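1. Below are the sequence and a predicted model for it; my questions follow.
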Amino acid sequence: MDFELITTDGKSGARAGKITTDHGEIETPIFMPVGTAGSVKAVHQRELRDDISAQIILGNTYHLYLRPGLEIMEQAGGLHQFNGWDGPILTDSGGYQVYSLAGTRKIKEEGVVFQSHIDGSRHNFTPEYVMDIQRTIGADIIMAFDECPPYPSTYEYAEKSMQMTHRWLDRCIERFDSTEGKYGYSQTLFPIVQGSTYDDLRKQSAEFIASREREGNAIGGLSVGEPAEKMYHHTDQVCGILPEDKPRYLMGVGTPENILECIALGVDMFDCVMPTRNARNGMLFTSEGIINIRNEKWKSNFSLIDENLGGYVSTQHTKAYLRHLVVSKEMLAAQIASVHNLTFYLWLVKEARKHILNGSFAVWKNEMVIKLTRRL
């Protein structure tokens, strides 16, 4: 993987760059649709490519490991062949699922023992095994195995967890560097900065991760319940430490305004389930604000879902029609709403990139954040 930093905004930390993988190029800043079980919910791969203009999608190590399983994944020739997506893919390590399965897992120095949410069977993730699993899944970018501490965490817990994440990282690196990809293309390992909401721990972790000199770096353990101000503070802090010539990935973030604010702090890559999850509940993100399409006010509104996205095929539906589908519980409602929200997210980061390149990002960002937080 290669990363080219094209320019940095003169009035903020916002950056425009280009990541090159064996499955294609990614223009940054970028939002990555989440495909937990090998598919982005309610969205066809053709729509991801042709309508939404997605450049990279995510897969989930924990879920793909449990189902369909590694044997099927390897027989298929990896996730690209299995799901028919020929662009870049990133897989998380399963660390966040470990965090969310607090009642059914046990964390030790060796790794994590957990119970499957599907059938209750017991499994063991070690840093080495998670590297092997992601080699088999075959993503272009794979994540180091870490522990994501909850918010709030005591200082003692956060420090202990961070130190273990660092030891796990060295084990991940050793295993990754001693193995090769299975399907004839290269893979890249990103470490993850942790440290909860403690300045000294975040600094220590960012410096440790930077010292490992991998091709890209991630920021984890944020957007887990802490106030937005804390998320921005620690993102800014960490971006000031991580190397400028490598992409920075803020994991699990977030709302449109979160994304714009964190682009301004120097983040290049984002992912979140919010656009598709909220879409299935009738919440739409638009360039003018947030719409609850279930509201009666949209019943006879025959304007497009987002007039400013009128050039996108995926947005050629009216608010009245989508509301009708939602209240009628038609399956097409989830599809149209999900495609719309993802189209909007990809439009937003593309617009951000355009304004970074022409030197108008800071003014545009401040105007957009006001619009994006409005309830229409």
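-> Perfect, I can see it now. Numbers count the residues shown, from 1 in each chain.
2. buried set for the longest helix along the chain?
-> Using DSSP state H to define each element, the chain has its longest helix at helix 331-358. Across helix 331-358, burial judged by 16 or more other CB atoms under 10 Å covers 333-353, 355-356. (Each C-beta comes from the backbone N, C-alpha and C, glycine too.)
3. what's the answer for stretch 259-274, then?
-> Here stretch 259-274 shows 259-272, 274 as buried, counting by 16+ other CB under 10 Å.
4. Same check on stretch 136-149?
-> For stretch 136-149, using 16+ other CB under 10 Å, the buried residues are 136-149.
5. just stretch 281-291 next, same as before
-> 282, 283, 284, 285, 286, 287, 290, 291.
6. out of everything not next to it in sequence, what's closest to the last one?
-> This means residue 291. Excluding the flanking residues, the one nearest residue 291 by CB to CB, 6 or more residues apart in numbering is residue 284, at 4.3 Å.
7. how much space is there between that neighbour and residue 323?
-> 10 Å (CB to CB, to the nearest Å).
8. Residue 78 now?
-> As defined by CB to CB, residue 78 lies at a distance of 40 Å from residue 323.
9. surely residue 268 meets residue 30?
-> Yes. Residue 268 is in contact with residue 30 according to CB atoms under 8 Å; the separation is 7.0 Å.
10. Can you pull the residues that touch both of these two?
-> residue 19 (CB atoms under 8 Å, 6 or more residues apart in numbering).
11. pLDDT score assigned to residue 339?
-> With respect to pLDDT, residue 339 scores 95.
12. Kindly report the same for residue 276.
-> The model's pLDDT for residue 276 equals 97.
13. contacting residues for it?
-> The contact partners of residue 276, taken as CB under 8 Å, 6+ apart, are 33, 34, 40, 41, 42, 43, 338, 341, 342.
14. hang on, the earlier thing: and the residue nearest to residue 291, which of the three is it?
-> Secondary structure, DSSP: H, G, I helix; E, B strand; the rest coil: residue 284 is strand.
15. Residue 150 reaches residue 224, doesn't it?
-> Yes. Between residue 150 and residue 224 there is a contact at 6.6 Å, judged by CB under 8 Å.
16. Comparing the two, which residue is more hemmed in?
-> residue 224 (20 against 15; other CB atoms under 10 Å).
17. Can you show me the helices along the stretch 201-350 of the chain?
-> Using DSSP state H, counting those that start in this stretch, the helices of the stretch 201-350 of the chain run over 228-239, 256-265, 274-280, 319-327, 331-358.
18. what's the closest of those to residue 104?
-> helix 274-280 (22.3 Å; CB to CB).
19. Give the buried residues for that closest one.
-> Of the residues in helix 274-280, those buried (16+ other CB under 10 Å) are 274, 275, 276, 278, 279, 280.
20. what's the distance between the nearest residue to the fourth one once chain neighbours are set aside and residue 82?
-> So that's residue 278. Nearest residue to residue 278, sequence neighbours excluded (CB to CB, 6+ apart): residue 341, at 6.7 Å. Taking CB to CB as the measure, residue 341 falls 25 Å from residue 82.
21. so residue 325 touches residue 335, yeah?
-> No. Residue 325 is beyond contact range of residue 335, at 9.1 Å (criterion: CB under 8 Å).
22. so who does the residue nearest to residue 291 touch?
-> Taking CB under 8 Å, 6+ apart as the criterion, residue 284 is in contact with 278, 290, 291, 292, 293, 305, 306, 322, 337, 340, 341, 344.
23. Check residue 49 too.
-> By CB under 8 Å, 6+ apart, the contact list for residue 49 reads 85, 87.
24. and it, that one's in a strand?
-> No. Using three-state DSSP, the assignment for residue 49 is helix, not a strand.
25. measure stretch 273-289 end to end?
-> Separation of the first and last residues of stretch 273-289 by CA to CA, to the nearest Å is 19 Å.
26. sorry, that was for stretch 64-79
-> By CA to CA, the extent of stretch 64-79 from end to end equals 9 Å.
27. one step back: among the helices of the stretch 201-350 of the chain, which is nearest residue 105?
-> Of the helices of the stretch 201-350 of the chain, nearest to residue 105 by CB to CB is helix 274-280, at 23.2 Å.
28. Keeping just the C-alphas, turn that closest one into PDB.
-> In PDB, the C-alpha atoms belonging to helix 274-280 read as follows (Å, rounded to 0.1, in the frame of the first residue of the first chain):
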ATOM      1  CA  MET A 274     -24.800   5.000  11.400                       C
ATOM      2  CA  PRO A 275     -25.800   5.700   7.700                       C
ATOM      3  CA  THR A 276     -27.300   2.300   7.100                       C
ATOM      4  CA  ARG A 277     -28.600   1.600  10.600                       C
ATOM      5  CA  ASN A 278     -30.400   4.900  10.800                       C
ATOM      6  CA  ALA A 279     -31.700   4.500   7.300                       C
ATOM      7  CA  ARG A 280     -33.500   1.300   8.300                       C
END
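29. helices and strands around the next helix or strand after the longest helix of the chain, which ones?
-> Proceeding N to C from helix 331-358, the next assigned helix or strand is helix 361-372, under DSSP states H and E. Packing partners of helix 361-372 (3 or more CB pairs under 8 Å, 6 or more residues apart in numbering; DSSP states H and E): helix 256-265, strand 289-292, helix 331-358.
30. one more time with 10 Å, if that's ok
-> Applying 3 or more CB pairs under 10 Å, 6 or more residues apart in numbering; DSSP states H and E, one finds that helix 361-372 contacts helix 256-265, strand 283-286, strand 289-292, helix 331-358.
31. that older thread, can you say which of the helices of the stretch 201-350 of the chain is nearest to residue 193?
-> helix 228-239 (5.4 Å).
32. quick one: the closest one to helix 256-265, angle?
-> Note on geometry: by axes from the mean of the first three to the mean of the last three CA atoms, to 10 degrees, helix 228-239 and helix 256-265 are set 30 degrees apart in direction.
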